[in-house]
Structures are given as C-alpha cells and as structure tokens.
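In: With the sequence up front, the predicted model follows.
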Amino acid sequence: MAANLSIDPVVDVIVDVSAMPAPRDGFDVGLIAGTSPVFGEGERCREYTGADALLADGFAPDAPEYLAAALYFGQDPAPRRLVVGSVKEGEDAPECLMACRAANAAWYAAYVCDAAKEDVLAAAAWMTGRRAVLFYDAHDDAPDGDEDVFAALMP
C-alpha cells in the first residue's frame, strides 16, 4: 500500500508569475549613465560600439562616461555594444535607470557615474529582481562611523 508523503520538509517551491521582461540579445551590453550635457532634452540613451565614438559624439576626454566606456571597451575580449544614458537634472539614479530601461532594454549591467552613496543604495534596491546587475565605485571612507556602501548593501 502506498503512503502519501509530503515533500514540504524537503523542498520549498515558490512560483513567481510576473510579466515577462523585455527580451535582450544577451548579457554583454552595459549601460553607463552620467550627467554630461551631450544628449538633447528628449533623448535618453544612445548605443556605441567603441569608446572613440563617444568622443566623436561630443563627450570630453575627461568626461566620466568616456572614461568608464574606455575601461568597458578595454576588456579582453571587448564587448561589442554599450548603451550610454543621460541622467537628467533633478533625477535620482533609480529614476534614470527606469527611464533608460524604457528607452533601451538591451542592457544587462549598469553603472551610474559619480553616484552618491544614497543613489547607489537606491539604484541597487531598484535593480533587485530585475535580472540585471549594478556596478558602482565608492569614494566615501565611511566618515563618522557610518557604513560604507559595500557594508550597507550586505544583507
């Protein structure tokens, strides 16, 4: 005689039914967002295939977007595409990422140039569960006993 045994103590299954994310070509397209005044008022993102294309488009050689793009394309093997987004005046990092995602859903990893600790934390919270990753650099030394960005992001 067969016994009915529950599998609940063995495995916990959670089924998440949500809207399908926008399709993407792969996981090799990054987003670099910054405040350089290159894009027009209604323009959010542009795609590039090399760092020199940013210079040709009007980014200064010392612009954070160009410097990040030079590192991005300097990898071996080098990525083929990069999306550069514009952080509009008065906008925080999550608002920028949402707008860039709506304008171009091809990117998988994002970096917001010169983001403050609060923006990094808010952007990380927004990215959670969105099948994308956030890269950041930290310029704070956790003054006055505050947590640094990495410690604040740890669960």
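Out: That came through fine.
In: could you measure Asp57 against Pro77, distance?
Out: 24 Å (C-beta to C-beta, to the nearest Å). C-beta here means a position set from N, CA and C on the backbone, and glycine is covered the same way.
In: These two: who's more crowded?
Out: Asp57 (15 against 6; other C-beta atoms under 10 Å).
In: Pretty sure the more buried one sits against Pro37.
Out: No - contact between Asp57 and Pro37 fails when scored by C-beta atoms under 8 Å: they sit 12.0 Å apart.
In: Report pLDDT for Ala60.
Out: The model reports Ala60 with a pLDDT of 97.
In: can you check the one 5 residues further on too?
Out: Per-residue confidence (pLDDT) for Glu65: 96.
In: you'd agree Val83 is in a helix?
Out: No - under the criterion used here (DSSP: H, G, I helix; E, B strand; the rest coil), Val83 is strand, not part of a helix.
In: I figured it hits Trp107, correct?
Out: Yes - look at Val83 against Trp107 with C-beta under 8 Å: they come within range, at 4.7 Å.
In: Quick check: neighbours shared by the two?
Out: The contact sets of Val83 and Trp107 overlap at Val29, Gly30, Leu31, Cys100 (C-beta atoms under 8 Å, 6 or more residues apart in numbering).
In: Specify the local secondary structure of Cys58.
Out: Heads up, residue 58 is Gly, not Cys. coil.
In: This completes my enquiry, with thanks.
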